[in-house]
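>>> Okay, predicted coordinates and the sequence, questions at the end:
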Amino acid sequence: MLQPLKLIDQLRARLRETLDLLPLDANQGWVSLILELPQPLAMAPDLREVGFYLGHAQRGEFYAGYGIAAQWQAEGPGRLERLRQVALTWSKDWVQIDPDETGLVAQGLLGFAATPRPREGEDLPNTLLWLPELALIRRQDRCALILTASRPITRAALLHRWEGWIARLAPRLGVGTPLPLPASVLNPLRSQPDFSDWSRLVLAAIDDIANSRLEKVVICRRQAVRGQRPFDLERLRAVLSESYPSCQVIHIRYAGSDFIAATPERLFRQWGDRVEADAIAGTACRAQDQMQDAAIRQALLACPKNRHEHQVVVDAMHAALAPCCRALEEAAGPQILALNNAYHLQTRLRGLLRPGIDAFALAEHLHPTPATNGQPRAAAADWLRTHEPFARGWYTGAAGLIAPDLSGELWVLLRCSRIQGQEAELYAGAGIVAGSEPESEWQETEHKLAAMSKALRFA
Ligand SMILES: C=C(O[C@@H]1C=C(C(=O)O)C=C[C@H]1O)C(=O)O
């Protein structure tokens, strides 16, 4: 890695060399400058200000955004369509200059809460589309810095802002990935619902399933914990990436609140006229012992209750995608998705899209799937609104990157936590179908909560 000072000088010089390429006319819109970084980065630093981070260790990718060049918010029915209308202007109003021919593009973050109706106690906007002022991107071995601003803007103002970002970022680029701290103790605070209310909820759901009002509903818990030191989010990102390399680590810091997830569940990826979506439902906790672990895997594949719970999700996602696609197929399955701590059943759907179907339209059709809400969709949402004792916020919502051509990839926000200083609120849920039992579903949520709580102990 270059010495920080040298890097600052190099980036400043490149900025001054390339600034004249930017069209700073009086037109409204945005402008981005993409500058290649001389060496691949191991990680994206947390500059401790408003920003977001999406990283996938196995793919060797991250996209970190800092500051706000532009943002749009929406809520209520039609929330995604309203933001889609904004993003449709990107292709003509967002000029991106890539003088180093990196082939990388500036993207926006799209994120949204579980339901379009905001509820009290939610601290992130219900639906948010966000262009950061500075982004660090890594794809395979290629790394770039992307600077973005709203137009019109003068060259002098741009230089001042962007040099400021480079000065703040460059000294942090040479610093390696933070190591886990010695394990500390987490004290559990309240769980909403507690076990007895949980049992009542699960039994009520099973009743409504027996009465054919529902086929499946996903009931969730919120568990508060207190650590012995303020959590270090940069370290937490590193611990989560190391522990769950196939998961997408998503960190959003906005309006003084930190939301972080390490999710195994990709809602979809869309590029050109293609879409891939993953149905993930059906869970078993893994064992240390290899023989026992192999038996758990086989038992999950053969378990009628889990297969049914999974199939409900596959069928609903198939039905949701069908109107968007001119061809749609699902892989033979289900397959096993193996995480460090759990096995899930997974089925991949692949489709060829009809013209005009972009990432916003796919999000609108697909979200929420019965993996996190239930089936039928509206009945399950009503049931949860009247029964669940807290606002889910962004938990079971989705987030991901959207490119200027409105293609993108969204991840379901699971295995996540809202963090404030030394306290964290963790979320987890379990799918209830005929044959579910309160005790084992509670154990499943305990296990899912542990994915985040274990990592928090080292941060
Ligand atoms: C709801 C959660 O997970 C979802 C529910 C699953 C299940 O019930 O088997 C499995 C994966 C996720 O789709 C969660 O992690 O909180």
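Perfect, I can see it now.

>>> which helices and strands sit right next to the helix or strand hosting Ser241?
Assignment of secondary structure by DSSP states H and E places Ser241 within helix 233-243. Under the contact definition 3 or more CB pairs under 8 Å, 6 or more residues apart in numbering; DSSP states H and E, helix 233-243 sits against strand 51-56, strand 248-254, strand 257-263, helix 438-457. Backbone N, C-alpha and C define where each C-beta goes, glycine included.

>>> Make CSV out of the ones you listed and add distance to Val105, mean neighbour count and mean pLDDT.
Listed next are the helices and strands packed on helix 233-243 as CSV, based on distance: least, CB to CB, whole Å; neighbours: other CB atoms under 10 Å; pLDDT from 0 to 100:
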stretch, distance to Val105, mean neighbour count, mean pLDDT
strand 51-56, 15, 23, 98
strand 248-254, 19, 24, 98
strand 257-263, 23, 23, 97
helix 438-457, 31, 19, 97
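
>>> Need these in TSV (columns: distance to the ligand).
Rendered in TSV, the data for these read as follows (distance: least, CB to the nearest ligand atom, whole Å):
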stretch	distance to the ligand
strand 51-56	18
strand 248-254	13
strand 257-263	8
helix 438-457	4
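
>>> returning to what we had before: if you average pLDDT over the helix holding Ser241, what comes out?
On average, the pLDDT along helix 233-243 is 97.

>>> Quick check on Ala379: phi, psi?
Backbone dihedrals for Ala379, given as degrees, to the nearest 10, come out at phi -60, psi -40.

>>> same thing with the one 3 residues further on?
Backbone torsions for Asp382, taken as degrees, to the nearest 10, come to phi -60, psi -50.

>>> Which pLDDT does the model give it?
Asp382 carries a pLDDT score of 97 in this model.

>>> any idea how far it lies from the ligand?
Separation of Asp382 from the ligand (CB to the nearest ligand atom, to the nearest Å): 18 Å.

>>> Check Gln192 too.
Distance check for Gln192 against the ligand: by CB to the nearest ligand atom, it reads 14 Å.

>>> could you list every residue that touches Leu201?
Listed by CB atoms under 8 Å, 6 or more residues apart in numbering, the contact partners of Leu201 are 193, 219, 387-388.

>>> coming back round to it: okay, the angle between the helix holding Ser241 and strand 248-254?
Relative orientation of helix 233-243 and strand 248-254, computed by axes from the mean of the first three to the mean of the last three CA atoms, to 10 degrees: 170 degrees.

>>> tell me the domain ranges of the protein?
Dividing the chain into domains by automatic domain parsing, as the record does, gives the ranges 4-173, 187-457.

>>> Just say which of those is most tucked in.
Of all those, domain 187-457 has the most neighbours on average by mean count of other CB atoms under 10 Å, namely a mean of 19.

>>> from the middle of its chain, how far away would that domain be?
For domain 187-457, the separation from the chain centroid amounts to 11 Å (computed by CA atoms, centre = their mean, to the nearest Å).

>>> and the helices and strands packed on helix 233-243 as CSV, adding distance to Ala428?
Output for these, formatted as CSV (distance: least, CB to CB, whole Å):
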stretch, distance to Ala428
strand 51-56, 21
strand 248-254, 16
strand 257-263, 11
helix 438-457, 4
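
>>> Nearest to Leu413, out of the ones you listed?
If you check each of those against Leu413 by CB to CB, strand 257-263 wins as the nearest, at 4.9 Å.

>>> Dump the closest one to PDB, keeping only the CA atoms.
Once side chains and other backbone atoms are set aside, the C-alpha atoms of strand 257-263 remain, and they are given as PDB (Å, rounded to 0.1, in the frame of the first residue of the first chain):
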ATOM      1  CA  SER A 257     -28.500   5.500  13.900                       C
ATOM      2  CA  ASP A 258     -26.600   2.400  12.800                       C
ATOM      3  CA  PHE A 259     -28.300  -0.500  11.100                       C
ATOM      4  CA  ILE A 260     -26.200  -3.600  10.200                       C
ATOM      5  CA  ALA A 261     -27.000  -7.000   8.700                       C
ATOM      6  CA  ALA A 262     -25.200 -10.100   7.500                       C
ATOM      7  CA  THR A 263     -27.800 -11.600   5.300                       C
END
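
>>> Run through who's touching the helix or strand following it.
Helices and strands here follow DSSP H and E; after strand 257-263, the next one along the chain is strand 266-271. Surrounding strand 266-271, the residues in contact under the criterion CB under 8 Å, 6+ apart are 248, 275-278, 353, 357-359, 362-363, 366-367, 369, 398, 400, 407-412.

>>> related to what we said a few turns ago, so which of the domains of the chain comes closest to Leu179?
Proximity of those to Leu179 was assessed by CB to CB; the nearest stretch is domain 187-457, lying at 7.7 Å.

>>> that older thread, would JSON lines of the contacts of Leu201 with secondary structure and distance to Leu19 be doable?
As requested, these are exported to JSON lines (DSSP: H, G, I helix; E, B strand; the rest coil; distance: CB to CB, whole Å):
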{"residue": "Pro193", "secondary structure": "coil", "distance to Leu19": "56"}
{"residue": "Ile219", "secondary structure": "strand", "distance to Leu19": "54"}
{"residue": "His387", "secondary structure": "helix", "distance to Leu19": "56"}
{"residue": "Glu388", "secondary structure": "coil", "distance to Leu19": "52"}
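
>>> Save those residues as a markdown table, and put in pLDDT too.
Putting the contacts of Leu201 into a markdown table (pLDDT from 0 to 100) gives the following:
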| residue | pLDDT |
| --- | --- |
| Pro193 | 98 |
| Ile219 | 98 |
| His387 | 97 |
| Glu388 | 96 |
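
>>> show me what contacts Asp405?
Taking CB under 8 Å, 6+ apart, we find Asp405 in contact with 91, 358.

>>> What pLDDT does the model give it?
Per-residue confidence at Asp405 stands at 97 (pLDDT).

>>> my guess is it is in a strand, correct?
No - secondary structure of Asp405, determined by DSSP: H, G, I helix; E, B strand; the rest coil: coil, with no strand assignment.

>>> And the next helix or strand past the helix or strand hosting Leu128?
The secondary structure element spanning Leu128 is strand 127-131 (assigned by DSSP H and E). For strand 127-131, the following helix or strand on the C-terminal side (DSSP H and E) is strand 134-139.

>>> Distance from that following strand to the middle of the chain?
The answer for strand 134-139 is 16 Å, by CA atoms, centre = their mean.

>>> Who does that strand pair with, and is each partner parallel or antiparallel?
Partner strands and pairing direction for strand 134-139 (DSSP bridges) are strand 61-66 (antiparallel), strand 142-151 (antiparallel).
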